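Student: After the sequence you'll find the predicted model.
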Protein chains: 2
Amino acid sequence: MGKKIKVFAPATVANVACGFDVLGFAVDSPGDELIVEMTDRPGIQIVEITGDEGKLPRTAEANTAGVAIQQLITQVAYTGGVKISLHKKMPMGSGLGSSAASAAAGAFAMNELLGRPFDTEDLVPFAMEGERLACGTAHADNVAPALMGGFVLIRSYDPLDIIPIDTPKELIATVIYPQIEVATKDARQILQKKVPLTDAITQWGNVAGLVTGLLKSDYALIGRSLQDVIIEPVRSLLIPGFQEVKMAAMEAGALGCAISGSGPSLFSLSQDKATAQKVAEAQQAAFLKLGIESNTYVSPVNQNGPVVIG
Amino acid sequence: MGKKIKVFAPATVANVACGFDVLGFAVDSPGDELIVEMTDRPGIQIVEITGDEGKLPRTAEANTAGVAIQQLITQVAYTGGVKISLHKKMPMGSGLGSSAASAAAGAFAMNELLGRPFDTEDLVPFAMEGERLACGTAHADNVAPALMGGFVLIRSYDPLDIIPIDTPKELIATVIYPQIEVATKDARQILQKKVPLTDAITQWGNVAGLVTGLLKSDYALIGRSLQDVIIEPVRSLLIPGFQEVKMAAMEAGALGCAISGSGPSLFSLSQDKATAQKVAEAQQAAFLKLGIESNTYVSPVNQNGPVVIG
């Protein structure tokens, strides 16, 4: 039997309110578990996928973890192959970076098995190729935080410029996933190609405020800045009950609440765990009033990225 | 003779590259000097204005310092009047916040004379009324840094939310004022009312990067983030030689270079004084090649705002 590793990679929240396309952060749970085993025979073989209700393709070239591993292998002198087993422990198509978690897990696991030829940050481009497969474009705002943990700013794609943003330790995320479907493609097509300059100014004032609040542990400023005047007014229309559920979070004491990724999940940030738990309960009740079931996740902003668990 | 004070208020750079309408900073020089004397007779009287080539109105209601003082006085129980003498020691209509320097000087001086009934930050709205007189709108991105010093973020106007952004101590500004005229009104009218979403995303990625660079003293990040893909491509057309003069700054070692305010001045930031001085010389030479005379100012980012000088 070859060298083998089991890793966990976290779910992530991208499009953080005013930080559309540039800010993302990781949470401690949920996430994906991936087992990667080195083999003598070249090629990547998927042994097993669980937790996906049979929805994910079983060939490595069509799997985000497989693609990320393949991308990494082509950069090093590794002549063997791998077997992978993927255990999805998070919802797919939920706006929580499911494909990114798998891709990050793949790149991270392979790098560990090979004795870390790459720094964590250098794994991002490999995982981005997994995103290209899953979403059509090689976005980094889920895979970068999934690999690096914490809040991450994607300042630029050309060249790729990824900036970790230190966050206060007591910053707790509440994520709620309502059991409705929003196709990422619809969520993108619904956006206007041009936006009013005045709204753009409001947005970049808030982005600057949010980053300052995070770096200075100024919770009130984080809260005031968690606003999105450009994307949310459009995309929230795809989420039944959005206004009521957001209101429920704010009334329960959240610093702010916005769409996670392209939805339908929502994220909130709170200053302590008790509040974050209250937010989860209030939001779940608000969705239920409209007859919508939901799953909630309460966890600190993840500070470490993927971890070896076996 | 009544109680009398002489103050200096600094010039400021607004619209800091990607931070259009939300970021501004103060410089140590140039700036305005203002003498304010308390009198028994109510009313604000302008005794003297120098350095303006006779261009500024001589009535208090039409002068930005006079308006700022009047605004402050209406908030306190002061029944006397003041005499003011304004010495403009900086160019007007240059994009360096000339009207804001006078307004800041007025509000600051009056507050000192009255024994500081207001915190510095609370003087901003008074000085903003001076800006409303001078520019038609009550912008804060010059008066806030003129009063508070350093880099300042105007996150929001409604409600007014002013966030000081700590900056590295070794951050030296070069400002160059070419002797050409750009009407602020033209500079504003030339802007598009709608901007591509992709450009807006680039801009807010850079704003987040700039603020992070300033707060973490990451000079390279400050440099990479000092880009403006929305306003500069349009407004730079009003400044002959803009590309050559910006290039001269970059080749001389500046971290970045962009339009100051609505122009025609340009500002650059450098990591040390020798570089900032080289930038000034290279830019002056570049303008001169095109037959344009210019004034340059090299100074650290001002950390204190206005000061009492007599």
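Tutor: Now that the structure is in, tell me what you want to look at.
Student: Going by C-alpha atoms from here, please, whenever you check contacts or count neighbours.
Tutor: Fine.
Student: tell me which parts of the stretch 1-150 of chain A are close to chain B?
Tutor: Taking Cα under 8 Å from any Cα of the partner chain as the contact definition, the stretch 1-150 of chain A meets chain B at A:19-22.
Student: cutoff 10 Å now
Tutor: Of all the residues in the stretch 1-150 of chain A, those in contact range of chain B (Cα under 10 Å from any Cα of the partner chain) are A:18-23.
Student: Out of the residues you listed, the closest to B:Ser156 would be?
Tutor: When those are compared for distance to B:Ser156 (Cα to Cα), A:Cys18 wins out at 13.2 Å.
Student: Without its sequence neighbours, what residue ends up closest to that closest one?
Tutor: The shortest distance from A:Cys18 to any residue that is not its chain neighbour, by Cα to Cα, 6 or more residues apart in numbering or on different chains, is 4.5 Å, and that residue is A:Asp228.
Student: Burial check on the one you found, number of neighbours?
Tutor: Number of residues near A:Asp228 (other Cα atoms under 10 Å in any protein chain shown) recorded here: 24.
Student: who touches it in this structure?
Tutor: In this structure, A:Asp228 makes contact with A:15-20, A:199-200, A:202-204, A:206-207, A:257-259, judged by Cα atoms under 10 Å, 6 or more residues apart in numbering or on different chains.
Student: Let me know the closest of these to chain B.
Tutor: A:Trp204 (4.9 Å; Cα to the nearest Cα).
Student: May I ask you to name the longest helix in chain A?
Tutor: Identified as the longest helix of chain A according to DSSP state H is helix A:197-215.
Student: which other helices and strands contact whichever helix or strand comes after that helix?
Tutor: Read in the C-terminal direction, the helix or strand following helix A:197-215 is helix A:219-225, with elements assigned using DSSP states H and E. Contact partners of helix A:219-225 among helices and strands, from 3 or more Cα pairs under 10 Å, 6 or more residues apart in numbering or on different chains; DSSP states H and E: helix A:197-215, strand A:256-259, strand A:266-270, strand B:151-157, strand B:160-165.
Student: So what are the sheet partners of the last one and their directions?
Tutor: Sheet partners assigned to strand B:160-165 using DSSP bridges are listed as strand B:151-157 (antiparallel).
Student: Then the second one?
Tutor: Partner strands and pairing direction for strand A:256-259 (DSSP bridges) are strand A:266-270 (antiparallel).
Student: Tell me, please, the helix or strand in chain A that averages the lowest pLDDT.
Tutor: Across the helices and strands of chain A, the lowest-confidence element by mean pLDDT, DSSP states H and E is helix A:184-189, at a mean of 73.
Student: nearest spatial neighbour of A:Gly205, skipping sequence neighbours?
Tutor: Excluding its sequence neighbours, the residue lying closest to A:Gly205 (Cα to Cα, 6+ apart) is B:Arg155, at 4.6 Å.
Student: Looking at the one you found now. What's its pLDDT?
Tutor: Looking at B:Arg155, its pLDDT is 98.
Student: thought it was touching B:Gly24?
Tutor: No: B:Arg155 is beyond contact range of B:Gly24, at 11.5 Å (criterion: Cα atoms under 10 Å).
Student: out of the two, which sits in the busier spot?
Tutor: Set B:Arg155 next to B:Gly24 and count neighbours by other Cα under 10 Å: B:Gly24 wins out with 31 against 27.
Student: Regarding that one, what is its secondary structure?
Tutor: Three states are possible here, and by DSSP: H, G, I helix; E, B strand; the rest coil the one that applies to B:Gly24 is strand.
Student: what's near enough to touch it?
Tutor: With contact set as Cα under 10 Å, 6+ apart, B:Gly24 has these partners: B:12-17, B:97, B:140-146, B:149-154, B:164-165, B:260-261.
Student: list the buried ones in stretch A:216-223?
Tutor: Within stretch A:216-223, the residues that qualify as buried are A:216-219, A:221-223, counting by 16 or more other Cα atoms under 10 Å in any protein chain shown.
Student: Stretch A:144-161 now?
Tutor: Within stretch A:144-161, the residues that count as buried by 16+ other Cα under 10 Å are A:144-156.
Student: What is the nearest of those to chain B?
Tutor: Among those, and counting by Cα to the nearest Cα, the member closest to chain B is A:Arg155, at 4.6 Å.
Student: got a list of what the closest one touches?
Tutor: Here A:Arg155 is in contact with A:21-23, A:161-163, B:201-210, B:221, B:224-225 (Cα under 10 Å, 6+ apart).
Student: now the residues you listed: which count as buried?
Tutor: Among these, those that count as buried by neighbour count (16+ other Cα under 10 Å) are A:21-23, A:162-163, B:201-210, B:221, B:224-225.
Student: Name whatever forms a beta bridge with A:Ile165.
Tutor: A:Phe151.
Student: count of neighbours near it?
Tutor: A:Ile165 has 22 nearby residues by other Cα under 10 Å.
Student: Show me where the stretch 101-250 of chain A dips below the pLDDT cut-off.
Tutor: The stretch 101-250 of chain A contains residues with pLDDT under 70 at A:183-185.
Student: how about a cut-off of 90?
Tutor: When residues are selected by pLDDT under 90, those of the stretch 101-250 of chain A lie in A:133-138, A:169, A:180-190.
Student: From A:Asp161, how far off is A:His139?
Tutor: 13 Å (Cα to Cα, to the nearest Å).
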